[in-house]
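Enquirer: fold the following, please.
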Amino acid sequence: MASQQDRDARQDQGSRTEAARFSVLDRSRTREGHTDAEALRDTVRLARELEGLGYHRFWVSEHHGVPGVAGSAPTVLAAAVAAATRTIRVGTGGVMLPNHQPLVVAEQFGVLESLFPGRIDMGLGRSVGFTDGVRKALGRDKDVAEDFAGQLEELLGWFRGASPTGVHARPSEGLTVPPFVLAMGEGATIAARAGLPMVIGDLRNREKMRRGIDHYRTHFRPSPWAPEPYVVVSGTIAVAATPQEARRLLVPEAWSMAYSRTHGTFPPLPPAERVEALTMNAKERGLYESGLAGHLAGTEEQVAHELVTLLKETGAQEVLVTTSTYDREALLDSYRRLARIITGVPLA
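Expert: Modelled structure (predicted):
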């Protein structure tokens, strides 16, 4: 049984984390031996579970031609998530704007907001397809991402009715769908100049992340979308009964990343025990160990302490958790434990 002093400490940590919102980005990661359809259904099921735990947002992502990710159409998946839930905000983390015409993106989010008013977020990124083949299939090339700021301005203009061609985006025009910029590379500068909330990661490079946040806040220009800077920090958080169990949650994703960098393809998540039994070469082992390092992982007490430190260092208003692992029940247990931390509920 925990002592009263331990309970008081946990409640104090919980009160300090309650000042920030906590949300989740699920990438619809596929697992070995399971189908893409199962991964998508798991995403919808997880959203329902996290809504019951009190998380603020649930976002889905966009990837094309990746064996390890089933989420290729984020606005379609967001519609399924929103239909299966009632109160949690639903959005994208994000729609990769260079892959699409801004008018089409505006129309898609206009439909979502019309169907689920007051619950839709529009997270936007500036990445293009990872390979030449994917970019060719999308009808895009790397250079299109260079005009992300212009594409973003055009997209937001469709909601304001600012169309030089006389075309009107329906049902988007006049609606308010909160936009967020995923701050990769120049993203922090673009978010600041546009006066938009910013999502920044990852937690493994705190110094770089702090520099990006400082730059964003220094150069932020108030806008109708956001009167002041709004920072969301994103990264992997794993919580379990022991530090060892929390570390095992990280194993499947760490190996998938290491494999992708040595074999050129991003595979489905394997079970942790299979990864731990592998014989890795030196390069694979180095990438794998690097993939395990720097995340917020441990017991509830350990993660609570690290979260307080993170929020103090960054001044972030929100934390977006991006954890993926093979064991679905262990992942849900991690989110349950994290929910206990952020609501300040003492442990038995």
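
Enquirer: where does pLDDT dip in this structure?
Expert: Within the chain, the segments meeting pLDDT under 70 span 1-18, 129-131, 141-145, 344-348.

Enquirer: phi, psi of residue 24?
Expert: The phi and psi values for residue 24, taken as degrees, to the nearest 10, are phi -130, psi 140.

Enquirer: what about the nearest residue to it once chain neighbours are set aside, neighbour count?
Expert: What sits nearest to residue 24 in space, not counting adjacent residues and going by C-beta to C-beta, 6 or more residues apart in numbering, is residue 321, at 5.1 Å. Backbone N, C-alpha and C define where each C-beta goes, glycine included. Number of residues near residue 321 (other C-beta atoms under 10 Å) recorded here: 21.

Enquirer: same check, this time on the one 10 residues further on
Expert: Residues contacting residue 331 under the criterion other C-beta under 10 Å number 20.

Enquirer: hmm, it is touching residue 325, no?
Expert: Yes: using C-beta atoms under 8 Å, residue 331 is in contact with residue 325, at 5.1 Å.

Enquirer: all strands of the protein, in order?
Expert: 21-26, 57-60, 89-92, 95-96, 120-125, 179-182, 198-200, 231-235, 237-239, 296-298, 318-321 (DSSP state E).

Enquirer: in TSV, list these along with distance to residue 221.
Expert: Formatted as TSV, those follow (distance: least, C-beta to C-beta, whole Å):
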stretch	distance to residue 221
strand 21-26	23
strand 57-60	24
strand 89-92	23
strand 95-96	23
strand 120-125	17
strand 179-182	13
strand 198-200	13
strand 231-235	15
strand 237-239	31
strand 296-298	32
strand 318-321	20
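
Enquirer: between these, which one is closest to residue 281.
Expert: Proximity to residue 281 (C-beta to C-beta) singles out strand 296-298 among the strands of the chain, at 25.3 Å.

Enquirer: that closest one pairs with which strands, parallel or anti?
Expert: Note on strand 296-298: by DSSP bridges, its sheet partners are strand 237-239 (parallel).

Enquirer: the partner strand: how far from the chain's middle?
Expert: 14 Å (C-alpha atoms, centre = their mean, to the nearest Å).

Enquirer: contacting residues around it?
Expert: Applying C-beta atoms under 8 Å, 6 or more residues apart in numbering, the external contacts of strand 237-239 come out as 246-247, 249-250, 295-300, 303, 307, 319, 321, 323, 325, 334, 337-338, 341.

Enquirer: return the set of buried residues in it.
Expert: 237, 238, 239 (16 or more other C-beta atoms under 10 Å).
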